[in-house]
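Asks: let me see the structure of the following:
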Amino acid sequence: MIGWPVDPTVYAGLVVLFLGHAWLAGSVDDAQRKHTLYFGLGLVTLWVALETPLDTISDYYLDSVHMLQHVLLGFVAPPLMLLGLSPQMVGRIVRVPGVRAITEPVPALVIAGLVMVVWHVPALYDATLYSGWLHAIEHVMFIAAGLLMYWPMLEATSARARWNMSPAAKLLYMLVATLPQDGVALALIFSRVPFYEYYTHAPRLISSLSPLIDQTVAGAVLMILGKATLAVVAIAVFVRWFGGEQRADQIDLASLQSRRVR
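Replies: Numbering: from 1, shown residues only. Here you go, the predicted model:
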């Protein structure tokens, strides 16, 4: 039976995140309502992934829905949560020992890529489905890896980095960031045997959706939806970059016209 899960640890985690953000916002001067809105949307995304029938279906029935859950945890919620941070709030966070080091572009990219690949290794992936505590660790690591991956891309968070990438470098960073997920997704899409033993004997919600087809759909979900979220950020970076170039050209033109008048 597909039901609504009630996990007290998930609700406790959401409350801790909410109160932590509220404390951080109250301790700075530049926090705005939009930051609370974005962070709230990030928490709602986590709730949808973990405390709705989507979680039940992913845990007991379909690998494709499980992959959708991973996309929500690692690709959708993290950028929303980071948009909930003002520059001054980011300044407080990077004072925590070790945070600045792991949020630099190269470490962030490497850690996020390793988390994506390692947790989708069949033996470990299957183990999480048989162990509640291991599954919880996996979910926390996906959220943390997503925060790291998006940190160098967004304006407020990347401004504090020692290596503050140019817009062109950010676009290249995003392209490289898709490679680990693409590797996992392509393996799932083109494999002719099921990778995950757990789902080979899971009840079929749809009789025509065999374990192999389910796995292929899971790979497509990871590739398409994962890329879609990154594409939204890439478009925002490009538009800001293009707008900045236009403003610079207008300033140069105005300066040139001013000289001619003189």
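Asks: list the contacts of residue 204.
Replies: Applying CB atoms under 8 Å, 6 or more residues apart in numbering to residue 204 gives the contacts 61, 210. Bear in mind the C-beta positions are built from the backbone N, C-alpha and C, glycine included.
Asks: and it, its phi and psi?
Replies: Note on residue 204: backbone dihedrals following degrees, to the nearest 10 are phi -90, psi 110.
Asks: before we move on, what about residue 61?
Replies: Dihedral angles (degrees, to the nearest 10) for residue 61: phi -130, psi -60.
Asks: give me the nearest residue to it, chain neighbours excluded.
Replies: residue 205 (5.1 Å; CB to CB, 6 or more residues apart in numbering).
Asks: do you know how far that neighbour is from residue 121?
Replies: Residue 205 sits 26 Å away from residue 121 when distances are taken as CB to CB, to the nearest Å.
Asks: what of residue 154?
Replies: 30 Å.
Asks: the more surrounded of those two?
Replies: residue 154 (19 against 12; other CB atoms under 10 Å).
Asks: that one contacts residue 233, doesn't it?
Replies: Yes - assessed by CB atoms under 8 Å, residue 154 is found in contact with residue 233 at 7.3 Å.
Asks: who touches both of the two?
Replies: Joint contacts of residue 154 and residue 233 (CB under 8 Å, 6+ apart) are residue 79.
Asks: so what pLDDT did residue 154 get?
Replies: At residue 154, the predicted lDDT confidence score is 89.
Asks: ugh, typo on my part, it should be residue 177
Replies: In this model, residue 177 is scored at 91, pLDDT.
Asks: for it, which three-state class applies?
Replies: helix (DSSP: H, G, I helix; E, B strand; the rest coil).
Asks: so residue 208: helix, strand or coil?
Replies: Quick answer, by three-state DSSP: residue 208 is coil.
Asks: what pLDDT is listed against it?
Replies: For residue 208, pLDDT reads 84.
Asks: over to it: give its phi and psi.
Replies: For residue 208, the backbone dihedrals are phi -80, psi -10 (criterion: degrees, to the nearest 10).
Asks: and the gap between it and residue 175?
Replies: Computed as CB to CB, the residue 208 to residue 175 distance reads 36 Å.
Asks: thank you kindly, that will do.
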